[in-house]
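J.: Provided below are the primary sequence and the corresponding predicted coordinates.
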2 protein chains.
Amino acid sequence: MINISRWLPAWLRRYRREWLGGDLGAGLIVSVMLIPQSLADALLAGLPPQAGLYASVLPLVAYALLGSSMTLAVGPVAVLSLMTAAALSPLAVAGSAEYAMLAILLALMSGLMLFAAGLLRLGFLAYFLSRPVISGFIAGSAVLIALGQLKYLLGIPLPNANAITMLRALPDSIALLNSTTVTIGLLSLLYLVLARTGLPRLMRRLGSAEQLIFLTTRLSTPAIVVVATVYSALQDLHTVAGVAVVGNVPSGLPILSLPSFEAPAMQALFLPALLISLVGFVETVSVGQSLALKRGERIVPDRELLGTGAANIASALSGGFPVTGGFARSVVNVDAGARTPASSLISALLIAFVITGFTGWLHHLPLTVLAATIIVSVLAMVELQELKDAWRYDKADAISLLLTFAGVLIAGVEQGILLGVALSLATLVWRSSRPHMAVVGRVPGTEHFRNIDRHQVETVSGLIALRVDESLYFANARALEDKIESLLQAQADTRCLLLIMSAVNQLDTTALDMLNELDHSLAARSITLQFAEIKGPVLDRLRPTALGKRLEQRVFLSTHQAFADFAKRGSQHA
Amino acid sequence: MINISRWLPAWLRRYRREWLGGDLGAGLIVSVMLIPQSLADALLAGLPPQAGLYASVLPLVAYALLGSSMTLAVGPVAVLSLMTAAALSPLAVAGSAEYAMLAILLALMSGLMLFAAGLLRLGFLAYFLSRPVISGFIAGSAVLIALGQLKYLLGIPLPNANAITMLRALPDSIALLNSTTVTIGLLSLLYLVLARTGLPRLMRRLGSAEQLIFLTTRLSTPAIVVVATVYSALQDLHTVAGVAVVGNVPSGLPILSLPSFEAPAMQALFLPALLISLVGFVETVSVGQSLALKRGERIVPDRELLGTGAANIASALSGGFPVTGGFARSVVNVDAGARTPASSLISALLIAFVITGFTGWLHHLPLTVLAATIIVSVLAMVELQELKDAWRYDKADAISLLLTFAGVLIAGVEQGILLGVALSLATLVWRSSRPHMAVVGRVPGTEHFRNIDRHQVETVSGLIALRVDESLYFANARALEDKIESLLQAQADTRCLLLIMSAVNQLDTTALDMLNELDHSLAARSITLQFAEIKGPVLDRLRPTALGKRLEQRVFLSTHQAFADFAKRGSQHA
């Protein structure tokens, strides 16, 4: 029973009837929001629009069955679409059948990697990209995506490249712009921005119901899409004014199929698939955890790996491309009353319904409107406040953010995330290599010992008492060795070195070796190494080792006892 | 004055006359030991023997001027020679002029990388390979090197490949062995093993002076080389019995020159140069630090980067190949009485003297003897005890060791070290993602608070007091969030969550964001977030932030005060 419930969706077995209303409503709103967004993301990825719809059916079902978040809404997201385009454009021509096949292979590889990582319980890897690096990456990608949409928004040709190349090509292209396209695009942009800022404020002042304000804001995208499509169809803007539109979207559900496995393609896609998996997973966990916390729920990173892995495999099987949990749609899902992943099942059903026979309605949707929706949604992800806060609180973090941001813009999205990973790891190593330590002395008249740099305390000549404030392991063991040597050089008369281990929860093999070596080398210099306040579990493991056996008489329960023992031996010696 | 002394060798300006005797003797012994070893390492790297001698002159001078260790002896080492061969053999034929030029380029690139890292103060990177990974890498390389020497030891053809391929080819080749070569090789091997094990014991029993025993042991390699060379020359073994010998070694000092910079070669050598730099640097720092500690000296990792960087650049300029600090020769240097890098300068001078006119003496040295010296010295680096200790103390570390060992043997030396880096980083991330935390309660009748799992303590209904035992930062912030959520789910009546921050020395931007988010989401669930025992420096930085401003009334000096406050509010509420 317990074993089964660990892998089967608990929410389904415990489903309560009163949740259905919320799940139904949320499923409906999310699917209405997801349709234009998935079309836009497919175009962003260089794929035909139906690929976006395909990626919004089975992946939702797969995640609902295996994921651990109750309210996460998965599907195509802008950042992964950008990464997909970056990975595939060197290998095939966007829009070709080969390109679509490679997108499927990419989703499959990413899905298998995520699923395998879930089975190996590598969920902890979600923690190793620092927040500033994630923010910098998202902001850089957002700007890159927005720039890439300018060609649709303005109806001009622009190269798909890095930010600098695009900005350079802009002045020459601007002459070619189509005035109808620009007008529709900019009006859409204006409306979408107002719907997110001024409109809710105005409606609130006019006394509108919160529910109505919510719907107006959240459904502004579907609303403009519907209005623009109807107008475009009535006026036949494509024929009359040369406005680019979505065009034919084949109807009918995708046929389940496996991509062909070609070794060179798989080799070329290995790193992109890994990076897409990483970014997708980090995004899912960040979004999932922040939603869960607000509702008193938990997400389990290992199960998120299985869930997003299965979603990507499902996406590949049904002709889609890489997917993950999206922030905006998950928030809408929660706000609209979703209680369980049933809402995702309902969204999937509705989108499948649209695919079976209503794709014709999308024909006249102008691409410039889709571009406007993408630009507004990605630029909302750029949080300048975060940079300001980081700059004030921790310059190093702010610099990480800026470097990752610049890396994405200048070198591209893959190099940008690699730079971010390298920066995060370097920060981790650097931070780990500088453990906090303090030389302590006795607070006069007490049995308390405090940092000699911060308090008025008494020290004893010949004895150095060093408090180690972190667990000792390979990344910081040498730093302790180094600290001790510098202390000993400063106080040549030292006869005893006391390590206070009150904060040491763990001691790995490297640290154990280091202490062993330290004991030998101090002994050769007639300095006694002593320990105080070793935690129980640490001492239990230390005792049977060679070092532990030699120490026996040199481990004290408290710093006070160690000081007393030193004083006693000192007087005997004198 | 201070600025200059930081970069110029302090030991030279403070040199005392009484140190000269020790430095002279050590310099002599190290050079006698270094000559056969550098020839052997050159052959191992696929280079002509003189390259080994060239790599043993200027690099020693460069390190003596810039390095921070007083007793480290640099020069060619077996592991780097193996890595050099692995890097170059796909690009050129061993023994060709192109191959030698690529070796020079490799040394130059590695030297520039190390030097640049030194200027950027990246010395802390030395700490991020864990000891088990280093041991596994060294043991794997040692076995690979020993296997690779079988072809010289037995005088048979064997492919240069991974361990499995070599062992497979062995049975077919064994029929081709040259009996004279095998006899000389195995006798040398036997002698070298005895000289390291049985002989010193026997001499000690016979009452020999320790100095004599030391010389006999340490100079066993030069001794067998001299004896074998003289015997080989007298009998003309090469002509008479087909024994492979070193052959002509051109005399005359190397001409200083720069390699040609070809973009494709530099691109192909980038990763190998990076890995060679990493391994060389880690080896130098490990050896240097363990020597320094015994003598009450310090090494400075950033200066080691500059020192080994300069040594490699010097090696490249004088026709050598990658070098670093070697363990065996540094120990000999110390044991023979070296006090300062002057001993290295003397070694360099003596080897330069040999190069100028005495290389003819090396002509008849049988390669099988060199192979025997390599096998004995590298197999001495395999420490089974380390594996046993690790297995008993920490299984995860033992597995890291075995995986790296297997990786080197099966996939080769470069893939092996990459695996090791990945394992070390994964360990670091994994370890960092599991911070130590404990729910605490009051020790009855006191103001002390202890872990509720380990002590008999009192808790208060509605209040969870969680002690965080490590600094909070991006890699462990989410783990705290997760822990809190699981505690809250277990105790649904919680009204207050108290975080005891006594062990938190740092709080990065990611952790700050997490606490901020936590505060908001707990507030939404009517749970108060409180803090106790925040360290002064942490609180100073926290205060001006948005979170800090909101907290004001919720930060307590002690856990006791926080409990008292909760009790007071509880009674008011009731």
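T.: Received the coordinates, thanks. Numbers count the residues shown, from 1 in each chain, chains lettered A, B, ... in the order given.

J.: thought residue A:343 was touching residue A:333?
T.: Yes: counting by Cβ atoms under 8 Å, residue A:333 is a contact partner of residue A:343 at 5.9 Å. Placement of C-beta: from N, CA and C, glycine included.

J.: In terms of neighbours, single out the busier of the two.
T.: residue A:343 (31 against 27; other Cβ atoms under 10 Å in any protein chain shown).

J.: can you pull the contacts of that one?
T.: Residue A:343 sits next to A:22, A:23, A:24, A:26, A:27, A:30, A:71, A:73, A:333, A:336 when contact means Cβ atoms under 8 Å, 6 or more residues apart in numbering or on different chains.

J.: could you redo the last one with a cut-off of 7 Å?
T.: Residues in contact with residue A:343 (Cβ atoms under 7 Å, 6 or more residues apart in numbering or on different chains) are A:23, A:26, A:27, A:30, A:333.

J.: Same question for residue A:374.
T.: Here residue A:374 is in contact with A:40, A:44, A:78, A:145, A:149 (Cβ under 7 Å, 6+ apart).

J.: Quick one: end-to-end distance for stretch A:333-346.
T.: Criterion Cα to Cα, to the nearest Å; first-to-last residue distance in stretch A:333-346 is 12 Å.

J.: Near residue A:492, how many other residues are there?
T.: 7.

J.: In which helix or strand does it reside?
T.: Using DSSP states H and E, residue A:492 is not contained in any helix or strand.

J.: tell me, what residue is most central in chain A?
T.: Note on chain A: the residue nearest the mean C-alpha position is residue A:282, at 2.7 Å, using Cα atoms, centre = their mean.

J.: Can you tell me which of the contacts of residue A:374 is nearest chain B?
T.: Closest approach to chain B among these (Cβ to the nearest Cβ): residue A:78, at 22.4 Å.

J.: Go ahead and confirm residue A:284 touches residue A:304.
T.: Yes: between residue A:284 and residue A:304 there is a contact under Cβ atoms under 7 Å: 5.4 Å.

J.: and for residue A:343 and residue A:333, which residues touch both?
T.: Common neighbours of residue A:343 and residue A:333, using Cβ under 7 Å, 6+ apart, are A:26, A:30.

J.: which of the contacts of residue A:374 are buried?
T.: Buried subset of the contacts of residue A:374 (neighbour count, 16 or more other Cβ atoms under 10 Å in any protein chain shown): A:40, A:44, A:78, A:145, A:149.

J.: Columns secondary structure, pLDDT and distance to residue B:533 on top of those, output as CSV?
T.: Below are the buried ones among the contacts of residue A:374 laid out as CSV (DSSP: H, G, I helix; E, B strand; the rest coil; pLDDT from 0 to 100; distance: Cβ to Cβ, whole Å):
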residue, secondary structure, pLDDT, distance to residue B:533
A:40, helix, 88, 51
A:44, helix, 89, 50
A:78, helix, 88, 44
A:145, helix, 86, 45
A:149, helix, 86, 51
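
J.: which residues in chain A form strands?
T.: A:73-75, A:324-326, A:437-442, A:449-451, A:463-468, A:496-500, A:528-532, A:555-556 (DSSP state E).

J.: Mean neighbour count, the ones you listed: which tops it?
T.: strand A:73-75 (a mean of 33; mean count of other Cβ atoms under 10 Å in any protein chain shown).

J.: quick one on the thing from earlier: dump the contacts of residue A:374 into a markdown table; add distance to chain B as well.
T.: A markdown table is the format used below for the contacts of residue A:374 (distance: Cβ to the nearest Cβ, whole Å):
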| residue | distance to chain B |
| --- | --- |
| A:40 | 29 |
| A:44 | 28 |
| A:78 | 22 |
| A:145 | 24 |
| A:149 | 29 |
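
J.: re the thing from before, the strands of chain A: which one's closest to residue A:166?
T.: With Cβ to Cβ as the measure, strand A:324-326 is the member of the strands of chain A nearest residue A:166 (24.8 Å).

J.: residues near the residue lying closest to residue A:350 once chain neighbours are set aside, how many?
T.: In space, and not counting its chain neighbours, residue A:350 is closest to residue A:31: 4.0 Å by Cβ to Cβ, 6 or more residues apart in numbering or on different chains. The tally of other residues near residue A:31 (other Cβ under 10 Å) stands at 28.

J.: ok, residue A:31 - contacts?
T.: Residues in contact with residue A:31 (Cβ under 7 Å, 6+ apart) are A:347, A:350, A:351.

J.: The last one is in contact with residue A:56, isn't it?
T.: Spelled out, that is residue A:351. Yes: Residue A:351 lies in contact with residue A:56 (Cβ under 7 Å); the separation is 4.9 Å.

J.: Under the pLDDT cut-off, which ranges of chain A? List them.
T.: A:1-8, A:160-161, A:571-574 (pLDDT under 70).

J.: hmm, back to that, pick out whichever of residue A:284 and residue A:304 has more residues nearby.
T.: Using other Cβ under 10 Å, the more surrounded residue of residue A:284 and residue A:304 is residue A:284, with 31 against 27.

J.: can you tell me which residues contact the closest residue to that one other than its chain neighbours?
T.: In space, and not counting its chain neighbours, residue A:284 is closest to residue A:325: 3.8 Å by Cβ to Cβ, 6+ apart. By Cβ under 7 Å, 6+ apart, residue A:325 lies in contact with A:72, A:73, A:74, A:283, A:284, A:287, A:288.

J.: now swap in residue A:410 and tell me
T.: Counting by Cβ under 7 Å, 6+ apart, residue A:410 makes contact with A:162, A:163, A:164.

J.: What's the ChimeraX line that selects buried ones from these?
T.: Selection of the buried residues among those in ChimeraX, burial being defined by 16+ other Cβ under 10 Å:
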select /A:162,163
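
J.: Kindly list the longest helix within chain A.
T.: Looking across chain A with DSSP state H, the single longest helix is helix A:263-294.

J.: If you count neighbours, what's buried in that helix?
T.: Buried positions in helix A:263-294, judged by neighbour count with 16+ other Cβ under 10 Å: A:265, A:268-269, A:272-273, A:275-294.

J.: What count of nearby residues applies to the residue nearest to residue A:44 when sequence neighbours are not counted?
T.: Using Cβ to Cβ, 6+ apart and skipping residues adjacent in sequence, the residue nearest residue A:44 is residue A:81, 4.1 Å away. Close neighbours of residue A:81, defined as other Cβ under 10 Å, add up to 28.

J.: do the same with residue A:42
T.: Residue A:42: 28 surrounding residues under other Cβ under 10 Å.

J.: do the same with residue A:205
T.: When counting by other Cβ under 10 Å, one arrives at 8 neighbours for residue A:205.

J.: From chain B, how far out is it?
T.: Going from residue A:205 to chain B by Cβ to the nearest Cβ, to the nearest Å gives 26 Å.

J.: if I pick that residue, what's in contact with it?
T.: Neighbour list for residue A:205: empty [criterion: Cβ under 7 Å, 6+ apart].
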